[in-house]
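> Give me the fold of what follows.
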Amino acid sequence: MQSISRPRYLPWSVALAILGALSACSTNPAVQPTVVYTEQQKNMLEQQWTKAEQPAINNRQVHLDMIRTMQSRSMYFASLAHIDAYEKEHGSNAELSKLRADALRATGQEQAARDLYQRLLSGNEAAAARHGLGLIAAQNGNYAEAVQQLRESVRIDPLNAYALGDLGYALMEQGDLDAARVPLIQAIELAPENRKVISNLSLYLLLNGDQEKATALMRKTNVSPEVQHGIRQRAQAMRSSSLATNDKADRELFMSNGGMQLRLQTTLSTTTQTGKTQ
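Just a heads-up that it's a prediction; the model follows:
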């Protein structure tokens, strides 16, 4: 007789059907021990199947994602501690260096941040490094250098809404509203729900004399009255003769998540820390 080959393993659905049929015999006392054992096997198989469908958790990636989240909520000091811990456990890489530079910049350690950004200019994080150098320049009132660095950042990474918005802001600080228009509109179309991008475009509309459009944009996007007031104050300051000075206090910027924005301490900082402003 010709032998008939049999599959080594039953399909999962067939296996479950067999296990289910066996469990139906549980009313018979004679087979009760076998049924109990079969139910245990069934549960074990189901658990193994579920585990097999779940992707393995990459501890490195989880820790890196946590650092990114902390920085998105302006927890830069804490992120520095976690960056140290990550580096000790897993070593460094270009992205981690970029996150460290961002944290150093945001915590007032400008020279250390600048040095680290400079070392990243020739690698995969070149666009982010140019962005960071532009923010440092802007924070010190050097908007000519800021525009130069931010333009290079956008050239390398044209889809970065934050860099586009920051470029538009720096151009507005230079009084070049015509040049600021395109990057600001690009930023709002790429990131229509981002609070910093919305605030920058609202500021542009106010400076351009479009009061009604600015008000409509801020109301439509649920910008709080306090933030609206701060944006209007900044627009007024930028129109005034005090803009000609290089007083760092007058030009102080709100830096968060790679974004250049007005320092609206009681509103934007709070919403950023609760995760509402990304």
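
> list the buried ones in stretch 174-194?
179-181, 183-184, 186-188, 190-191, 194 (16 or more other C-beta atoms under 10 Å). From N, CA and C alone the C-beta is placed, and that goes for glycine too.

> Run through the helices of the stretch 151-278 of the chain in chain order.
In the stretch 151-278 of the chain, the helices defined using DSSP state H, counting those that start in this stretch lie at 161-173, 177-190, 195-207, 211-220, 225-239, 270-273.

> would TSV of the ones you listed with mean pLDDT and distance to residue 73 be doable?
Shown next, in TSV, are these (pLDDT from 0 to 100; distance: least, C-beta to C-beta, whole Å):
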stretch	mean pLDDT	distance to residue 73
helix 161-173	96	15
helix 177-190	96	21
helix 195-207	94	13
helix 211-220	94	23
helix 225-239	92	17
helix 270-273	37	5
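
> Flag every buried residue along stretch 215-223.
215, 217-218, 221, 223.

> Tell me where the model's unsure across the stretch 51-200 of the chain.
Within the stretch 51-200 of the chain, the segments meeting pLDDT under 70 span 51-58.

> hmm, try it at 50
Counting by pLDDT under 50, the stretch 51-200 of the chain shows low-confidence ranges at 52-57.

> Now do the strands in it.
Using DSSP state E, counting those that start in this stretch, the stretch 51-200 of the chain contains no strands.

> Count the neighbours of the residue lying closest to residue 110 once chain neighbours are set aside for me.
Leaving out its chain neighbours, the residue that sits closest to residue 110 by C-beta to C-beta, 6 or more residues apart in numbering is residue 136, at 5.5 Å. Using other C-beta atoms under 10 Å, residue 136 is surrounded by 22 other residues.

> All further residue positions should be reported with the first residue as 36.
In the new numbering, first residue 36, that becomes residue 171.

> so residue 171 touches residue 150, yeah?
No. Counting by C-beta atoms under 8 Å, residue 171 stays clear of residue 150, with 10.9 Å between them.

> distance of residue 107 from residue 274?
Distance, residue 107 to residue 274, using C-beta to C-beta, to the nearest Å: 32 Å.

> typo on my end, residue 143
Counting by C-beta to C-beta, the gap from residue 143 to residue 274 is 29 Å.

> and if you look at residue 161?
For residue 161 relative to residue 274 (C-beta to C-beta), the value is 36 Å.

> In terms of packing, which of the two has more residues around it?
residue 161 (18 against 12).

> residue contacts, the more buried one?
Contact partners of residue 161, counting by C-beta atoms under 8 Å, 6 or more residues apart in numbering, are 155, 191.

> Kindly reformat the buried residues of stretch 209-229 as TSV containing distance to residue 204.
Below are the buried residues of stretch 209-229 laid out as TSV (distance: C-beta to C-beta, whole Å):
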residue	distance to residue 204
214	12
215	8
216	12
218	9
219	8
221	13
222	10
223	13
225	15
226	14
229	13
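
> Need the max-distance pair from the buried residues of stretch 250-258.
Greatest spatial distance in these: 250 and 256, 11.3 Å, computed using C-beta to C-beta.

> Can you give me the separation between residue 270 and residue 107?
27 Å.

> Counting neighbours, go ahead and name the busier of the two.
residue 270 (21 against 17).

> in terms of contact, does the more buried one touch residue 243 like I think?
No. Between residue 270 and residue 243 there is no contact under C-beta under 8 Å: 9.8 Å.

> intersection of neighbour lists for these two?
With C-beta under 8 Å, 6+ apart as the test, residue 270 and residue 243 reach no residue in common.

> Backbone dihedrals for residue 228, both of them.
Geometry field for residue 228 lists phi and psi as phi -110, psi 0, criterion degrees, to the nearest 10.

> With residue 272 as the reference, measure out to it.
In terms of C-beta to C-beta, residue 228 sits 27 Å off from residue 272.

> ok, now residue 133?
32 Å.

> The two: which is more packed in?
residue 133 (23 against 13).

> ok, the more buried one - contacts?
Contacts of residue 133 (C-beta under 8 Å, 6+ apart): 155, 160, 163-164, 167.
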